[in-house]
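Colleague: for reference, the sequence and a predicted model appear below.
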Amino acid sequence: MEDWQNAGFGVYIHWPFCMHKCPYCDFNSHVSRQVDQLTWREALLSDIRRSAEELPNRQVDTVFFGGGTPSLMPPETVAAVIEEIGRVWQLAPSVEISLEANPTSVEAGRFAGYSDAGVNRISMGIQSLRDADLKTLGRMHSVAEARAAFDIARKQFDRVSFDLIYARQNQTVDDWELELSEAIDMAVDHLSLYQLTIEDGTRFGDMHARGSLRNLPDDTLATDMYFRTQEVCDRRGLPAYETSNHAQAGAESQHNLIYWRYGDYVGIGPGAHGRITLNEQKLATEAYSDPTQWLEQVHKTGWGRKSVEAVITEDQANEYLMMSLRLAEGSDLTRYASLKGRDLDAANLEEMLSGGFVSREGNKIKTTPKGQPLLNAVLRQLLA
């Protein structure tokens with residue numbers, strides 16, 4: 001059995017267009033009022049066909065439409081993409097097909113079209129349940145609009161998740177707990193809860209560099225918010241199954257689990273990354289990020305690929321550990337050793353165990369509540 005089969009195979013579709021660029025966003029998203037839908041549909045289908053020629057005879061466990069704002073895609077395009085994936089590969093009987101949506105682009109008719117196309121899970125970018133903070137975050141919807149959009153999604157789909165951002169300007173721990181409790185009251189069975197990070201190249205990044213992004217929580221306050229998040233979600237039956245993701249048992253995002261369990265996934269669309277296994281070699285793929293350049297490349301070659309690089313076995317092992325330790329289920333040391341060609345350094349592991357940053361049960365290691373917020377430091381020590 002090839003290593004990727006421990007985790008499964010997914011297809012990621014990137015729709016790069018947005019109505020508006022949020023000031024914190026460092027994703028590959030572009031504001032465009034005019035999109036030639038037929039041209040883009042055909043380009044995505046071509047990208048899928050070329051990928052399947054390279055990687056035939058796979059069963060697709062998950063499909064994820066990300067962006068950008070995929071809920072700006074016509075349902076006909078979503079349907080054509082899903083149909084093509086099912087034609088060139090085989091969709092698993094229990095395939096999870098997710099689509100990200102912004103409240104400003106939610107219409108009941110459009111959501112019915114997505115459901116008819118085969119989408120069975122929606123992830124909504126609500127980000128805050130406070131109107132003033134939505135404005136600060138550059139979001140184009142109100143809290144009332146977000147709740148209305150969520151209600152539309154719930155009526156159409158059994159599985160609906162939404163995102164919130166915490167550690168915002170002027171936010172206290174108690175403020176966040178109240179907002180989080182309101183979110184859990186709304187939630188179906190899954191929440192993604194992200195700490196606001198200031199990324200270079202974003203408007204917030206530029207403001208922070210100039211000293212004009214004021215009243216952000218310091219590291220201590222942000223850490224307190226993280227621990228309060230765990231306490232509230234545990235108490236309400238939505239424990240963390242990954243660093244930033246909370247779900248009832250059985251409601252985890254299967255597509256994201258493929259990433260974190262280090263499976264194979266194909267990246268379709270501008271800027272999409274992939275990890276695929278071909279002839280027993282793990283490969284890292286990347287598509288052109290600029291939509292115009294990507295489209296030109298598809299017209300020339302049939303797909304938008306920019307680069308493909310072999311991932312050496314040592315890097316595979318490190319990537320597996322870095323991804324899987326984000327999960328509550330932890331990492332399999334036997335699988336790590338199989339990828340690496342040797343066991344994890346015993347002295348480094350013992351240091352993390354004795355310090356209470358990780359725990360071990362058989363061949364499994366997990367980060368502890370103490371170690372989880374220090375995950376990057378724990379990984380540096382384990383891989384030293």
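Modeller: Sure thing, it's come through.
Colleague: can you show me the helices along the stretch 101-250 of the chain?
Modeller: Under the criterion DSSP state H, counting those that start in this stretch, the stretch 101-250 of the chain contains helices at 108-117, 131-136, 143-156, 173-186, 203-210, 219-235.
Colleague: compare the mean pLDDT across the ones you listed and name the weakest.
Modeller: Ranked by mean pLDDT, these bottom out at helix 203-210, with a mean of 68.
Colleague: coming back round to it: format the helices of the stretch 101-250 of the chain as CSV; extra columns: distance to residue 10 and mean neighbour count.
Modeller: (Glycine included, C-beta is placed from N, CA and C.) Below are those laid out as CSV (distance: least, CB to CB, whole Å; neighbours: other CB atoms under 10 Å):
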stretch, distance to residue 10, mean neighbour count
helix 108-117, 18, 17
helix 131-136, 31, 16
helix 143-156, 22, 18
helix 173-186, 27, 16
helix 203-210, 30, 15
helix 219-235, 25, 16
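Colleague: want to throw the ones you listed into CSV with distance to residue 7?
Modeller: Putting those into CSV (distance: least, CB to CB, whole Å) gives the following:
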stretch, distance to residue 7
helix 108-117, 26
helix 131-136, 36
helix 143-156, 28
helix 173-186, 29
helix 203-210, 33
helix 219-235, 25
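Colleague: who wins for proximity to residue 317 among the ones you listed?
Modeller: helix 219-235 (28.0 Å; CB to CB).
Colleague: okay, that closest one in PDB with CA atoms only?
Modeller: C-alpha atoms of helix 219-235 as PDB (Å, rounded to 0.1, in the frame of the first residue of the first chain):
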ATOM      1  CA  ASP A 219       0.200  37.300  22.900                       C
ATOM      2  CA  THR A 220      -0.900  36.600  26.400                       C
ATOM      3  CA  LEU A 221      -4.500  37.800  25.800                       C
ATOM      4  CA  ALA A 222      -4.700  35.900  22.500                       C
ATOM      5  CA  THR A 223      -3.500  32.700  24.300                       C
ATOM      6  CA  ASP A 224      -6.200  33.200  26.900                       C
ATOM      7  CA  MET A 225      -8.800  33.500  24.200                       C
ATOM      8  CA  TYR A 226      -7.500  30.200  22.700                       C
ATOM      9  CA  PHE A 227      -7.800  28.400  26.000                       C
ATOM     10  CA  ARG A 228     -11.300  29.900  26.600                       C
ATOM     11  CA  THR A 229     -12.300  28.700  23.100                       C
ATOM     12  CA  GLN A 230     -11.300  25.100  24.000                       C
ATOM     13  CA  GLU A 231     -13.200  25.300  27.300                       C
ATOM     14  CA  VAL A 232     -16.400  26.600  25.900                       C
ATOM     15  CA  CYS A 233     -16.400  24.300  22.800                       C
ATOM     16  CA  ASP A 234     -15.600  21.200  25.000                       C
ATOM     17  CA  ARG A 235     -18.400  22.100  27.300                       C
END
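Colleague: now the angle from it to helix 173-186?
Modeller: Put simply, helix 219-235 runs at 30 degrees to helix 173-186, going by axes from the mean of the first three to the mean of the last three CA atoms, to 10 degrees.
Colleague: just checking, what packs against helix 219-235?
Modeller: helix 173-186, strand 190-195, strand 240-242 (3 or more CB pairs under 8 Å, 6 or more residues apart in numbering; DSSP states H and E).
Colleague: in the protein, which helix or strand is least confident?
Modeller: The weakest-scoring helix or strand in the chain, judged by mean pLDDT, DSSP states H and E, is helix 203-210 (a mean of 68).
Colleague: out of the helices and strands packed on helix 219-235, which comes closest to residue 165?
Modeller: Set against residue 165 and scored by CB to CB, the helices and strands packed on helix 219-235 come closest in strand 190-195, at 5.4 Å.
Colleague: closest one to residue 274 among the helices of the stretch 101-250 of the chain?
Modeller: Among these, helix 108-117 comes nearest to residue 274, with 22.8 Å by CB to CB.
Colleague: what helices and strands are in contact with that closest one?
Modeller: If you count contacts as 3+ CB pairs under 8 Å, 6+ apart, helix 108-117 packs onto helix 75-88, helix 143-156.
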